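>>> Mind looking at a prediction? Sequence and model below.
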Amino acid sequence: MVPRVLFQLGFLLLLPPLLLGVVNRVKALVAGRQGPPLLQLYWDLGRLLRKETVQSRTTTWIFRAGPALGLAAVAAAGLMLAVAGEPALVSFAGDFVLFAYLLGLGRFFTALAALDTGSAFEGMGAAREVSFSALAEPALFLAFVVLARATGTLSLSGMLGPELPSAWSRSAPALLLVTIGVFVVALAENSRVPVDDPGTHLELTMIHEVMVLDHSGPDLAFILYGAALKLFLFGAIFARLALGFRFQSLLAAEAVFLLGLLGFAALVGLTESTMARLRLVRVPQLLVGVSVLSVFALVLLLG
Amino acid sequence: MAFVLVVVIDLFLLASSRLNAAIRAVALQGALLSALPLLLVTHEHELRHVLLLSAGAMAIKAGVIPWLMFRAIREETIRREVEPIVGYVPSMTLGGLGVVLSFALSRGLPLPVQAQNVYLVPAALSTVWTGLLLVLSRRKAITQVLGFLVLENGVFVIGLLLTGIMPVTVEAGVLLDLFAAVFVMGIVIFQMNREFAAMDGGKPPVEGD
């Protein structure tokens, strides 16, 4: 029991920055550059943690609590996610609702901290982030509902667990649609291209990045780490969904899962390199489209 | 699987504003549909004329029509549909609603013959619905023609239901119908090119404006 807990926690807590490293590396390679080292984010986090925090005099405790709460919420959500089809550390019927709303809670505090600075740009970023994620949420929920229906279980561990391979053989089209939907939701939730551009530093066009402009030192490290963790969570859902085979041994399952995660990161990097960012007015269209696809998947299952 | 793809193309058409992508999607849908009779064939002796039907439909749906459409937009230099009467988000939602309804309704539908595939009738109904939506909600003549083609594709799928008992003359009728439609469209588009500077089906030109 204890080794398994340690193993899962280690997986969850240590891997995420590597995933972002892979994304950046792929982007650099496609652009013909060498790019930063794969482990760059680990060094960045270490450097930020050693720095001191500078805070504006107009901010209150909300601004200081924001990054920590954001990270804590995402990490708590991570406890509910099954790694490589293994049962998660925390699992109960209906835990996918808690999963989605823990992510929402983290976003709520990030947005609140951004508003707390009183900066016009940060308020704008917060408004955009919240309005887009309000559209991404139904898509995510519909995807979970389809999974629940396909596997016949109500917990994330069950949806992504041993039931998944037989669900794939029964209703492959619906699950394929859901996999695509989860990928797009992952792009939107993690503020990647085509919804947001993590590389931009022009306040008018930023969404997520603009909200965290005023954070520094360990606070910024928490935010960066939280973002990496969130990408990891969505990557884990996507990888398990896309590679939902039945495995003979745990080791094989974990190796394939790891490959799936790296593949997810590479796919995100490729999407970012080949697609232009959508205009802000087109983003809701994309998210509604994904929701409609999920509805269609649900209809296929029910029909 | 093919029927699912057909419905996904329907939804894509409702969402896309780029004419190039939309024409390609319609061509792909046409190609898929023309290949379908081959999958549904059950008797050996049907094979030959089903093959003919498929080849004919493929040539027209995925070859001639897209070629005509691409030529039309090249001459007109239109790239995208601007300001549809019903916006993209509402039309996508309506499309999704149509898909749900057609899946729900098709189970209660009395059919002369048993459908070969559970998804055949709902896919046909939602394709017809998508075509109607496109014809009604878009301003550009090209997009309306695309909508008509999608509508036609839906009718074609329903026709597949009858391939087992459909005599050659009916098949020829379907193809002739299509051919006539393409001809009329080609002429109409060409005429409209010459008559109006912009192919805007939304408003008639106003006198003394």
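Okay, I see it. Residues are numbered from 1 along each chain as shown, chains lettered A, B, ... in the order given.

>>> what about residue 26, how many residues close to it?
In the absence of a named chain, this looks at chain A. Neighbours of A:V26 under the rule other CB atoms under 10 Å in any protein chain shown: 21. All C-beta spots, glycine's among them, are computed from the backbone N, C-alpha and C.

>>> ah, no, chain B please
Neighbours of B:V26 (other CB under 10 Å): 26.

>>> ok, the helix or strand harbouring it near chain A or not?
Using DSSP states H and E, B:V26 falls within helix B:19-40. No - figure legend: helix B:19-40 not in contact with chain A (CB under 8 Å from any CB of the partner chain); closest approach 13.4 Å.

>>> Quick one: work out the angle between the helix or strand following that helix and helix B:19-40.
Downstream of helix B:19-40, the next assigned helix or strand under DSSP H and E is helix B:47-58. With axes from the mean of the first three to the mean of the last three CA atoms, to 10 degrees defining the directions, helix B:47-58 sits at 180 degrees from helix B:19-40.

>>> What's the first helix or strand after helix B:47-58?
Criterion used, DSSP H and E; the element after helix B:47-58 is helix B:65-76.

>>> Tell me which residues of that next one come out buried.
The neighbour-count check on helix B:65-76 (16 or more other CB atoms under 10 Å in any protein chain shown) flags B:65-66, B:68-69, B:72-73, B:76 as buried.

>>> in the following helix or strand past it, what's buried?
Once the chain leaves helix B:65-76, the next helix or strand it forms, by DSSP H and E, is helix B:88-106. Residues B:88-89, B:91-96, B:98-100, B:102-103, B:106 are the ones in helix B:88-106 that count as buried (16+ other CB under 10 Å).

>>> One more: stretch A:142-149?
Neighbour count says stretch A:142-149 has A:142-149 buried, by 16+ other CB under 10 Å.

>>> circling back: near chain A, from the buried residues of helix B:88-106?
Counting by CB under 8 Å from any CB, B:88-89, B:92-93, B:95-96, B:99-100, B:103 from these sit close to chain A.

>>> quick one: which of those is nearest to A:L48?
B:V89 (39.9 Å; CB to CB).

>>> contacting residues around the closest one?
A:284-285, A:288 (CB atoms under 8 Å, 6 or more residues apart in numbering or on different chains).

>>> What of A:F232?
Each residue near A:F232 by CB under 8 Å, 6+ apart is listed here: A:12, A:15-16, A:19, A:78, A:261.

>>> what ranges of chain B fall below the confidence cut-off?
B:40-44, B:46, B:76, B:78-79, B:81-82, B:115-116, B:162-180, B:182-184, B:186-209 (pLDDT under 70).

>>> do that again at 90, thanks
Low-confidence segments of chain B (pLDDT under 90): B:1-7, B:10-23, B:26, B:30-90, B:103-122, B:124, B:134-209.

>>> For chain B, what is the nearest residue in the stretch 201-303 of chain A?
A:V292 (3.8 Å; CB to the nearest CB).

>>> Distance of that residue relative to A:E52?
49 Å (CB to CB, to the nearest Å).

>>> Who has more neighbours out of these two?
Shown here are A:V292 and A:E52; by other CB under 10 Å, A:V292 has more neighbours (26 against 7).

>>> ok but that one is inside a helix, no?
Yes - assessed by DSSP: H, G, I helix; E, B strand; the rest coil, A:V292 belongs to a helix.

>>> Nearest spatial neighbour of it, chain-adjacent residues omitted?
Of all residues not flanking A:V292 in the chain, B:G96 sits nearest, at 3.8 Å (CB to CB, 6 or more residues apart in numbering or on different chains).

>>> in the stretch 1-150 of chain A, which spans are helices?
A:2-14, A:16-30, A:40-50, A:61-79, A:95-116, A:120-151 (DSSP state H, counting those that start in this stretch).

>>> Switch the ones you listed over to a markdown table; also include distance to chain B and mean pLDDT.
Shown next, in a markdown table, are these (distance: least, CB to the nearest CB, whole Å; pLDDT from 0 to 100):
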| stretch | distance to chain B | mean pLDDT |
| --- | --- | --- |
| helix A:2-14 | 34 | 84 |
| helix A:16-30 | 23 | 92 |
| helix A:40-50 | 35 | 94 |
| helix A:61-79 | 28 | 93 |
| helix A:95-116 | 21 | 93 |
| helix A:120-151 | 10 | 92 |
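
>>> Pipe those into CSV and attach distance to B:T130 per row.
What follows is the helices of the stretch 1-150 of chain A, written out as CSV (distance: least, CB to CB, whole Å):
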stretch, distance to B:T130
helix A:2-14, 43
helix A:16-30, 36
helix A:40-50, 45
helix A:61-79, 37
helix A:95-116, 31
helix A:120-151, 20
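
>>> For A:L20, list the residues it contacts.
Residues near A:L20 by CB under 8 Å, 6+ apart: A:41, A:227-228, A:231, A:265.

>>> the helices in the stretch 201-303 of chain A, which residues?
Counting by DSSP H, counting those that start in this stretch, the stretch 201-303 of chain A has helices at residues A:208-211, A:217-242, A:250-274, A:283-302.
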